[in-house]
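S.K.: let me see the structure of the following:
(2 chains)
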Amino acid sequence: MNNIQIAIIGAGPAGLSAALELKKLGYDDLLVFDREDEAGGTPRHCGHLGFGMFEFKRVLSGPDYAKKLAKLAIDSGVNIKLKSTLTKVENGVLTFSTPEGIKQYKPTYTLFALGARETPRPDRLVSGTRSPNIITTGALQRFAYLQKIKPFERAVIVGSEIVSFSAIMSAKHAGIKIEAIIEEKDEIDSFCIIKYMVKYLLKIPVLTNTKLKNINGEDKKVTSVSVSTDEGEREIPCDGVIFTGQFTPESSIMQKSFDDFNFSNNSLYISQNFQAKDDGFFVAGNVLRGALAAFKCYFEGKKVAKNIHDFIRFKHQPELIKIEADENISWYYPSMIDLKSPTKQHLTALRLKRRAKGAIKVLLNGRMIYKKNIHAFPFMSINIPWKDIELKPKDEIKLEFVSS
Amino acid sequence: MESINLNHLFPTKTSNFAKDEIFDVAVVGAGVVGCAVFKEFCEQGAKTVLVEKANDILDGASKGNSAILHTGFDAPPDTLEHKCVQRGYEEYMKIKDDYNLPFLNTKALVVAWNDEQLGKLDAILQKGLGNGVKELDLLTHEQIMRKEPNLSLDAKGAILVHGESLIDPWSAPLAYVKKGINCGGKIAFSHEVKDGHHNGKYWELQTSQKPINAKVIINAAGLYGDIVDKIKGTQDFKIIPRKGQFVIFDETAYNLINSIILPVPTKRTKGVVITKTAFGNILVGPTAEDQESRTDSQTVKETLEDLKTKAFHMLPALKNHKVTATFAGLRPASDETYYRVSINDEKNWITAGGIRSTGLTSSLGLAKHIFELHNTRYEKNPKADEKVTVPNISEFAPRDNQKEGYGKIVCHCECVTEREIKNACHGELGAGNIGGLKRRTRAMMGRCQGFNCEAAVTQICKNEVKNHE
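M.R.: Numbering: from 1, shown residues only, chains lettered A, B, ... in the order given. Just a heads-up that it's a prediction; the model follows:
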């Protein structure tokens, strides 16, 4: 067993930027762990441009961004343990599987920066055949950019979140023809400029109001998908299906290891300082909520590093109260408020599961103390300010959305 | 960019015996029953070949089941099924350690969810005792809750069946085949039996590859049992495939229950079970849907939703957990409920058909029974007592990722190592398709379903196959 001061799990944008910042603040007894065989996280296989504008004032591709971030960390002396899979968290001890055998560490501070994944087919309960050619954007990216493999010829993309655009770019890179993008909702799940780009520049049909009814095929092959619209059912021939978006935190290890798990967020409860309920544990990046852009995770990593620094400097003793949310809310964070924290001017950011008009309400011990009328899309964040709200220990806070 | 057909990642296998070789026995079908029969006959000294249509074992009915080792407490009394389930259970217990096969005695609760079901418990208890299963207890609501605190408060009463246990449904048959091969048995994968005739001395089976000659045919063709049986001239039964859909929940749910939660069975089916699996998940299913098709194992959204709803009623805390996988298995049910096992001495033909359920448990017992039916003496194979082991992929014993030198973990959800994947690609019993690779390693079977590893696994397999060509 090794005692260390700080352990960071996950060498993606959040984990690496936190490590860089902590290093800058003078922390040397620090280890970053990642299960992959190279550092960089998800951007490693996002082959398209659009990374680094805010962090490095340059436009980079995902892999270049990941390399740059990893190099910065290594050059500044951050020790990254690769091929280290966290298998257990118990009594403050982290157990890893590594090719050199089982390794255990007992850190004083642990930051979980575990990232997120897309929801694959099973959790969406889709009818039809099973096939290795039914994949997610993440898998397609890895096929196209990391392994240089074209797994099928023509595919249908399911879902229209911004990541579906990345699925198109990855498919293009691999030489896969996209037959259509289908979206159950009556409009696409990202800014409508994307729709026009896809439709008119890339000439790919964007079918809104279209439900995936069945994946057709037998014997592990996909031959087509059946979709239904108001006009009826039809088949789109294809040999691959790409499920996109519906990001969910890669949080199973936290759910298994901690008693108090926030099921609305599929993550731990965390305060405005990114601190979890259990002493010494912090959480940052997309494991808090599913996918936001890499730069948000990068800046969050910096922020959480400063918070850890403050905890150490001031021997901070938090006083935490939880925030709960109703089922209309897809995620929200912070999900706790630390009453003793010097950071009072903070916000809770939240998103809705569906496009809706109505009011976000904050209930304090059952009484409404704040209301905000909104008309929000699922990809828009809504902020709730806490600065004018007086809170006491044992207060119960709930976020509600009531449609109008 | 290289185009790779994921369905043909592994080359079609050929057999390693001469065209004019005459076997004592040909076992048709490498499902769990065929694998166990193959092992038994090889050990007994018969020159045996296992003939399989697919490019791997367990490609039909045996790939999807609830992975429970049954005591036979609810088996139809005094039937062959009853006898073989209990004999199969005993046999499994005898050999499991030698083969490195997992076993977890979780026990089962047959739970009554309403007064009508509660009224049936006593009859089930009596039936169980009559079936020779002595370790049975009636539990009250309070006793259930103490054992299973997460179960719905609607549980009125239950029977505790001490012997019911979990095993790994894929590694066990793999071990059986491996043992058979070790005793000199041969396998012909991708040999679909098309027809056959008896030339007065032995059977000549026509297959999609080379013909196979054997003195006796054992038909263990599962979903195709009735079609293969026609070759002998008469058809005594008809297969009516019964689809069973399943929902698998993430490992986060694993500790929600301690025992297997069984329903009070109906005449037709054992009903929907909630159980842990040897791979650390929670399994819910199966449904029982009769159909014509022998290949259509599509899942249906509404049915899966219904399974989830049923499971949430019984185990409300399951709501907070993600679905890791959904699948459907096809059971080779026949036009009668009992096992269709018979011998036709004149024709030198043995049929093991209609093993619609419980085949995983009964297979070793059934194999012994079939050898007795065969009633021929061979000189026992000198290697019959030798040990063969298969790699452990269950959560009940240390896995490969806990032993150093594994390269790296490729599938993060299921902690599958590069070494495991490479090993599964090799040898006579290496994976014959992606499904076979999954069943040998668990790769891509976790919560992300290949989001992280499908591309890397494909690359590794491609290279391994190429390196060994």
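
S.K.: biggest helix in chain B, by residue count?
M.R.: helix B:80-99 (DSSP state H).

S.K.: for that helix, which positions count as buried?
M.R.: By neighbour count on 16 or more other CB atoms under 10 Å in any protein chain shown, the buried set for helix B:80-99 is B:80-89, B:91-92, B:95-96, B:99. All C-beta spots, glycine's among them, are computed from the backbone N, C-alpha and C.

S.K.: helix or strand: which one has the residue nearest to residue B:90 when sequence neighbours are not counted?
M.R.: In space, and not counting its chain neighbours, residue B:90 is closest to residue B:365: 7.5 Å by CB to CB, 6 or more residues apart in numbering or on different chains. Using DSSP states H and E, residue B:365 sits within helix B:359-374.

S.K.: now do the SS call for residue A:108.
M.R.: strand (DSSP: H, G, I helix; E, B strand; the rest coil).

S.K.: how much space separates residue A:277 from residue B:33?
M.R.: Look at residue A:277 and residue B:33: by CB to CB, to the nearest Å, they are 52 Å apart.

S.K.: who has more neighbours out of the two?
M.R.: A side-by-side neighbour count of residue A:277 and residue B:33, using other CB atoms under 10 Å in any protein chain shown, places residue B:33 first with 34 against 18.

S.K.: is chain B contacted by stretch A:86-96?
M.R.: Yes - part of stretch A:86-96 sits near chain B under the criterion CB under 8 Å from any CB of the partner chain, namely residue A:87.

S.K.: contacts for that stretch, please.
M.R.: A:1, A:7, A:9, A:33, A:35, A:81, A:84-85, A:97, A:102-107, A:110, A:253-254, A:257-258, A:280, B:401, B:415 (CB atoms under 8 Å, 6 or more residues apart in numbering or on different chains).

S.K.: buried stuff in the worst-scoring helix or strand of chain A on mean pLDDT?
M.R.: Ranking every helix and strand in chain A by mean pLDDT, DSSP states H and E puts helix A:192-196 at the bottom, with a mean of 75. Burial within helix A:192-196, assessed by neighbour count using 16+ other CB under 10 Å, is assigned to A:194-195.

S.K.: which strands and helices sit next to that helix?
M.R.: Packing contacts for helix A:192-196, counted by 3 or more CB pairs under 8 Å, 6 or more residues apart in numbering or on different chains; DSSP states H and E, involve no helix or strand.

S.K.: distance from that helix to the middle of the chain?
M.R.: In terms of CA atoms, centre = their mean, to the nearest Å, the centre of helix A:192-196 is set 23 Å apart from its chain centre.

S.K.: again, but for stretch A:258-265
M.R.: Distance, centroid of stretch A:258-265 to centroid of chain: 16 Å (CA atoms, centre = their mean).

S.K.: pull the residues that contact that stretch.
M.R.: Everything outside stretch A:258-265 that qualifies as a contact, by CB under 8 Å, 6+ apart, is A:89, A:249, A:254-255, A:267-269, A:276-278, A:288-289, A:324-325, A:327, A:329, A:331-333, A:335, B:320.

S.K.: these in helices, which ones?
M.R.: Going by DSSP H, the helices hold A:254-255 from the contacts of stretch A:258-265.

S.K.: run a quick check on residue B:390 versus residue B:98, I expect a contact.
M.R.: No - between residue B:390 and residue B:98 there is no contact under CB atoms under 8 Å: 10.7 Å.

S.K.: thinking again about what came up before, so the longest helix of chain B versus helix B:359-374, what angle?
M.R.: Helix B:80-99 and helix B:359-374 meet at an angle of 100 degrees, taking axes from the mean of the first three to the mean of the last three CA atoms, to 10 degrees as the criterion.

S.K.: quick one: the helices in the stretch 301-450 of chain B, in order.
M.R.: B:301-314, B:359-374, B:418-425, B:434-441 (DSSP state H, counting those that start in this stretch).

S.K.: for the longest one, which helices and strands make contact with it?
M.R.: Taking 3+ CB pairs under 8 Å, 6+ apart as the contact definition, the neighbouring helices and strands of helix B:359-374 are helix B:32-44, strand B:68-69, helix B:80-99, helix B:171-182, strand B:340-344, strand B:349-353.

S.K.: which residue is nearest the centroid of the chain?
M.R.: By default, I'm working from chain A. residue A:290 (2.6 Å; CA atoms, centre = their mean).

S.K.: that was the other one, I meant chain B.
M.R.: residue B:62 (3.9 Å).

S.K.: helix, strand or coil: sort out that residue for me.
M.R.: Under three-state DSSP, residue B:62 comes out as helix.

S.K.: now residue B:26: closest residue in space that isn't a chain neighbour?
M.R.: residue B:214 (3.6 Å).

S.K.: sorry, back to before: now the contacts of stretch A:86-96: which count as buried?
M.R.: A:7, A:9, A:33, A:35, A:81, A:84-85, A:97, A:105, A:107, A:110, A:253-254, A:257-258, A:280, B:401, B:415.
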